[in-house]
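Undergrad: starting from these lines, generate the structure:
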Amino acid sequence: MALVDSKEASASTVQKEKASTKGNLYWSAMLLSTVLLGLASFICQENVLALGYSIFPRAPSTIVDTGYAKYQGNHSLAFPNNVAFLGIPYAEPPLGERRFRAPLPLNKARVSLESKGKVVDARSYPDFCIQGSTGGEFHCF
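TA: Here you go, the predicted structure:
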């Protein structure tokens with residue numbers, strides 16, 4: 001009977017070792033595939049899994065094309081996925097007889113000619129509008 005028990009014990013031990021080896025092989029394969037996927041994401045610098053996450057998120061472009069001019073903006077330090085475009089005109093300036101009148105729509109052809117196809121710097125505010133006697137300029141829309 002002792003001989004039968006030892007054979008059963010050794011058979012049980014062999015089965016446990018096989019199961020343990022099979023489990024170790026499974027986890028080794030999982031670890032290897034995870035490492036390879038991470039390496040592919042790092043090398044491609046883009047989303048390999050298509051889950052909306054990338055190791056290196058792409059910053060938004062700092063240049064926008066409005067159709068009549070191209071403007072370059074700033075990346076916000078507080079909000080890195082945002083770009084600020086400062087001083088983009090939205091109406092014709094109130095010059096001459098237009099002073100103290102309702103603003104006219106922006107003349108896109110004029111803006112296009114003035115930009116000459118180059119990128120306009122919109123990273124800082126232009127001169128401010130005249131406010132009392134503090135200075136500024138009339139060309140502020």
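Undergrad: distance of residue 76 from residue 94?
TA: Going from residue 76 to residue 94 by CB to CB, to the nearest Å gives 30 Å. For glycine as for every other residue, the C-beta is placed from the backbone atoms N, C-alpha and C.
Undergrad: report the contact partners of residue 120.
TA: With contact taken as CB atoms under 8 Å, 6 or more residues apart in numbering, residue 120 is in contact with 69, 70, 71, 72.
Undergrad: touching, the second one and residue 116? I think so.
TA: Meaning residue 70. No: Residue 70 is beyond contact range of residue 116, at 10.9 Å (criterion: CB atoms under 8 Å).
Undergrad: can you show me the CA trace of stretch 81-95 as CSV?
TA: Output of stretch 81-95 as CSV, limited to C-alpha atoms (Å, rounded to 0.1, in the frame of the first residue of the first chain):
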residue,chain,number,x,y,z
ASN,A,81,-4.0,70.9,-25.3
ASN,A,82,-5.2,74.4,-26.0
VAL,A,83,-3.8,77.0,-28.4
ALA,A,84,-4.5,80.8,-28.0
PHE,A,85,-4.8,83.0,-31.0
LEU,A,86,-4.5,86.7,-29.9
GLY,A,87,-5.5,89.8,-31.8
ILE,A,88,-7.3,88.2,-34.8
PRO,A,89,-9.4,90.9,-36.4
TYR,A,90,-13.2,90.3,-36.4
ALA,A,91,-14.4,93.6,-38.0
GLU,A,92,-13.0,96.5,-40.0
PRO,A,93,-11.2,99.1,-37.9
PRO,A,94,-13.2,102.3,-37.0
LEU,A,95,-11.0,104.7,-38.9
